[in-house]
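**Q** Provide a 3D model corresponding to the input given below.
(one chain, ligands or ions: 1)
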Amino acid sequence: MATTQSGLVADALTQRTGHAVELVGVTTEGDVSRALLAQIGGTGVFVNELRDRLLAGEVDFAVHSLKDLPTADPEGIVLAATPRRDDPRDALCGPFKLADLPRGARVGTGSPRRVAQLRAMRPDLDVVPIRGNADTRLRKITEGDLDAVVLAYAGLRRIGREEEIAEIFEPDQMLPAPGQGALALECRADRSELRELLGTVDDPATRAAVTAERTVLAVLEAGCSAPVGAYAAEGEQELRLTAAVVAHDGSRQIRLSASGHPDQAERIGRELAAELLDRGADQLMGERD
Ligand SMILES: NCc1[nH]cc(CCC(=O)O)c1CC(=O)O
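**A** The predicted structure follows:
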């Protein structure tokens, strides 16, 4: 997935700037660790190694899944571009649509956000924590260990596994993770010429949307181990942000929306998060089943 999305970015950059781009593969802790992301996640396990290479001057820029970036701003590194986002929705993979899964069916996902929202829709399912890349997860269906897995639609598209999708969840069924489906190009802050080149693939509407979404996460001080979803739909001159905090067992949720001008993305995110906290988001996130 990482190689495909980096290749797409490289091609787009070459097309717009005329510069050749060489891909350098970097293996991260997130790629090798067997621990559940809910335990190790939120701390940049897919990101830190690439940032070290940037700071060491070994690579000029890095391509990340924006969803994997910690919300804290890294020292000496800037988010130089957020290309136009792919489909942000989550997808159910396997032979059954959600409503057709038998009672007690085994559904794999390691994401507390997906677990909680699955339980809200189908409390009878047996949600099983899994890890590994998308291919590994999908194999668990063909090998009969699981009846279904939930993965990001954008990622499935990038690796050409769309045929395995049974159903794509609308954001009102399963609110995506902040930044899901978007990419992030980072480079060193002191490389102003490079920043300008990378900026040619930036999409301001995507940047506004993901800024609003990630601000919610930052204010809630939640990482990817929290059952928090946020999605900002991009209109012409309006951004509509929806954010939700779901109880781990899916029994309750606090879900709010707000709209405003895209220039105000950060403020919209901050205010919505404050309102979620006002309504008890903290308590809901802390509860375990
Ligand atoms: N946490 C792993 C990760 N990071 C980005 C994607 C998918 C692509 C995307 O959301 O942009 C995935 C896998 C998944 O959630 O299915």
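**Q** how about the residue of the stretch 101-250 of the chain found nearest the ligand, what does it touch?
**A** Closest to the ligand within the stretch 101-250 of the chain is G155: 3.2 Å, counting by C-beta to the nearest ligand atom. Glycine gets a C-beta too; all of them are placed from N, C-alpha and C. Shown in contact with G155 (C-beta atoms under 8 Å, 6 or more residues apart in numbering): 1, 65, 134.
**Q** need these in a markdown table (columns: neighbour count and distance to the ligand).
**A** Output for these, formatted as a markdown table (neighbours: other C-beta atoms under 10 Å; distance: C-beta to the nearest ligand atom, whole Å):
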| residue | neighbour count | distance to the ligand |
| --- | --- | --- |
| M1 | 17 | 7 |
| S65 | 22 | 3 |
| A134 | 18 | 6 |
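**Q** got a list of what L151 touches?
**A** 90-91, 93, 134, 137-138.
**Q** who wins for neighbours among the residues you listed?
**A** D90 (30 neighbours; other C-beta atoms under 10 Å).
**Q** just the pLDDT for it.
**A** According to the prediction, D90 has pLDDT 98.
**Q** list the contacts for it?
**A** Per C-beta under 8 Å, 6+ apart, neighbours of D90: 114, 150-153, 168-169, 174, 176, 180.
**Q** quick check: bridge partners of it?
**A** On the basis of DSSP bridges, D90 is bridged to A152.
**Q** how about the residues of the stretch 151-289 of the chain near the ligand?
**A** 151-152, 154-155, 180-181 (C-beta under 6 Å from any ligand atom).
**Q** out of the contacts of D90, who's nearest G235?
**A** P176 (17.4 Å; C-beta to C-beta).
**Q** tell me the spacing between the closest residue to P178 other than its chain neighbours and A233.
**A** Leaving aside its sequence neighbours, P178 sits nearest to E213 (C-beta to C-beta, 6 or more residues apart in numbering; 3.6 Å). When distance is defined by C-beta to C-beta, to the nearest Å, E213 is 11 Å away from A233.
**Q** higher neighbour count, these two?
**A** Just comparing E213 and A233: by other C-beta under 10 Å the higher neighbour count belongs to E213, 33 against 14.
**Q** then that one would be within a helix, right?
**A** Yes - assessed with DSSP: H, G, I helix; E, B strand; the rest coil, E213 lies in a helix.
**Q** okay, it: pLDDT?
**A** 97.
**Q** swap in A184?
**A** 97.
**Q** just to confirm, which helix or strand has it in it?
**A** strand 183-188 (DSSP states H and E).
**Q** same for that strand, what does it pack against?
**A** For strand 183-188, the packing partners by 3 or more C-beta pairs under 8 Å, 6 or more residues apart in numbering; DSSP states H and E come out as helix 2-17, helix 48-55, strand 61-65, strand 77-81, helix 192-198.
**Q** that one pairs with which strands?
**A** strand 61-65 (antiparallel), strand 77-81 (antiparallel).
**Q** out of the ones you listed, nearest to T200?
**A** strand 77-81 (7.8 Å).
**Q** now the closest one: average pLDDT?
**A** 97.
**Q** next, the angle from it to helix 2-17.
**A** With axes from the mean of the first three to the mean of the last three C-alpha atoms, to 10 degrees applied, the angle from strand 77-81 to helix 2-17 works out at 70 degrees.
**Q** list the contacts for V47?
**A** Contacts of V47 (C-beta under 8 Å, 6+ apart): 28, 64, 68-70.
**Q** re earlier: for the residue of the stretch 101-250 of the chain closest to the ligand, grab phi and psi.
**A** Dihedral angles of G155 (phi, psi; degrees, to the nearest 10) stand at phi -70, psi -40.
**Q** low pLDDT regions in the stretch 151-289 of the chain?
**A** Residue ranges of the stretch 151-289 of the chain with pLDDT under 70: 223-224, 287-289.
**Q** could you pull out the helices for it?
**A** Using DSSP state H, counting those that start in this stretch, the helices of the stretch 151-289 of the chain run over 153-158, 192-198, 204-219, 265-278, 281-286.
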